[in-house]
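> Fold the stuff below for me.
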Amino acid sequence: MPPITLRRAVQKNSKSKQKRKPARSPSKSETEGSGGGSQLVTTDGAIYFFRPKGEHGYLSQWQASPFTDGTHSYENAEQYMMHRKGVLFAPDSPVTSAILETTNPRDIKALGRMIPNFDETVWKRERLNIVTEGSRLKFRQSEALKAQLLATEDKELVEASPFDRIWGVGFGAKQAPMKRDKWGENLLGKALMVIRQELQEEATSHNVDSEPKPESSRESLESQYFSGSEHPSESRRTSVRGARALPRRTQVKVIFYLVFLNIVLYYI
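Numbers count the residues shown, from 1 in each chain. Okay, the predicted model is just below:
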């Protein structure tokens, strides 16, 4: 599929979404809270963020923050997330390739919705691990971003998106403190707090340039913010088990072959 076709598909996708009636129109206070100029540290001590142009916009997935995973280069964390999503479900799809060639996060998000072979169950299992790893790469490879994240100290990090109850809380920055009992999952905020604590512990031990934490240490740290199926380490364990497991028929064939080989060697 030529790139121009994908581009038109993204534009068509965006136009169709503009025609739809929104599920809920954000209030003026919500749009101000997630926009550009308002202060996003409220009296409850939490730090609220949403779009890159707002206060603490560097926490946003859409913030321009180039980094690499050793194989590919990414312009922002949204691109990393959607590319990994494409690799998970359709590694050879032109949509997955187009995500790597697109830098605008809004277009990247639209392409992410077009990835074929999507499986909601698999995505729920893998998404948090992917986003946490993307944030880890983003903040470890930029001293400026690392310093900004550490400057938030121990404040709660909250994605104040009035449109997203999975990665955010479903409310803008002005409304969120009063609606805490109705918050969504805030998975992005929790992932960022995991990365922040990793960096804090390294700074405390005067070992800032050390290698990333071993798996066991990460699991212990992540357990403070996540539980059950949301736990990033749980998705890693599930993926490893799935990668190593052989089909039953294959296991039988291997066992039969080994028994036969032992018998032959015995009589030689």
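> Gly189 is in contact with Leu157, isn't it?
Yes - in this structure, Gly189 is within contact of Leu157 by C-beta atoms under 8 Å, at 4.3 Å. Glycine gets a C-beta too; all of them are placed from N, C-alpha and C.
> tell me, what's touching those two both at once?
Common contacts of Gly189 and Leu157 (C-beta atoms under 8 Å, 6 or more residues apart in numbering): none found.
> Spatially nearest residue to Met82 (excluding sequence neighbours)?
Gly112 (3.8 Å; C-beta to C-beta, 6 or more residues apart in numbering).
> which residues does that neighbour contact?
Counted by C-beta under 8 Å, 6+ apart, Gly112 has contacts 81-82, 85-86, 99.
> For Ala151, state which of those residues is nearest.
Met81 (24.4 Å; C-beta to C-beta).
> Output the contacting helices and strands for the helix or strand the closest one falls within.
Taking DSSP states H and E as the criterion, Met81 maps to helix 77-89. The helices and strands touching helix 77-89, judged by 3 or more C-beta pairs under 8 Å, 6 or more residues apart in numbering; DSSP states H and E, are helix 94-101, helix 105-112, helix 120-140.
> Gln148 and Trp123, how far apart?
Distance of Gln148 to Trp123, given as C-beta to C-beta, to the nearest Å: 30 Å.
> Give the residue spans of the stretch 101-250 of the chain that score low on pLDDT.
Per-residue confidence for the stretch 101-250 of the chain (pLDDT under 70) gives these ranges: 206-250.
> list the buried ones in stretch 49-60?
49-50, 52, 54-60 (16 or more other C-beta atoms under 10 Å).
> Sitting in helices, which of those do you find?
Among the buried residues of stretch 49-60, no member falls in helices (DSSP state H).
> And the furthest pair within those?
Maximum distance among the buried residues of stretch 49-60 (C-beta to C-beta): 12.0 Å, for Phe50 and Tyr58.
> packing partners for the host helix or strand of Val194?
Element membership for Val194, per DSSP H and E: helix 187-204. Packing contacts for helix 187-204, counted by 3+ C-beta pairs under 8 Å, 6+ apart, involve helix 120-140, helix 143-150, strand 157-159, helix 215-222.
> circling back to that earlier point, pipe the helices and strands packed on helix 77-89 into TSV and attach distance to Glu201 per row.
Output for the helices and strands packed on helix 77-89, formatted as TSV (distance: least, C-beta to C-beta, whole Å):
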stretch	distance to Glu201
helix 94-101	33
helix 105-112	30
helix 120-140	13
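> So which of these is nearest Phe67?
Nearest to Phe67, of these and by C-beta to C-beta, is helix 120-140 at 4.8 Å.
> Next, the buried residues of that closest one.
Neighbour-count burial for helix 120-140 [16+ other C-beta under 10 Å]: 122, 125-140.
> quick check: angle from that helix to helix 77-89?
Orientation check (axes from the mean of the first three to the mean of the last three C-alpha atoms, to 10 degrees): helix 120-140 against helix 77-89 gives 140 degrees.
> what angle separates helix 120-140 from helix 187-204?
40 degrees.
> Run the angle between helix 120-140 and helix 143-150 for me.
Angle, helix 120-140 to helix 143-150, by the same axes, to 10 degrees: 110 degrees.
> CA atoms only: put stretch 101-109 into PDB for me.
Extracted in PDB, the C-alpha atoms of stretch 101-109 (Å, rounded to 0.1, in the frame of the first residue of the first chain):
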ATOM      1  CA  GLU A 101       7.500   7.000   9.100                       C
ATOM      2  CA  THR A 102       4.900   9.300  10.800                       C
ATOM      3  CA  THR A 103       5.900  11.800  13.500                       C
ATOM      4  CA  ASN A 104       2.600  13.600  14.200                       C
ATOM      5  CA  PRO A 105       1.200  11.900  17.300                       C
ATOM      6  CA  ARG A 106      -2.400  12.500  16.200                       C
ATOM      7  CA  ASP A 107      -1.800  10.800  12.900                       C
ATOM      8  CA  ILE A 108       0.100   8.000  14.700                       C
ATOM      9  CA  LYS A 109      -2.900   7.400  17.000                       C
END
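> Right, I'll call it a day here.
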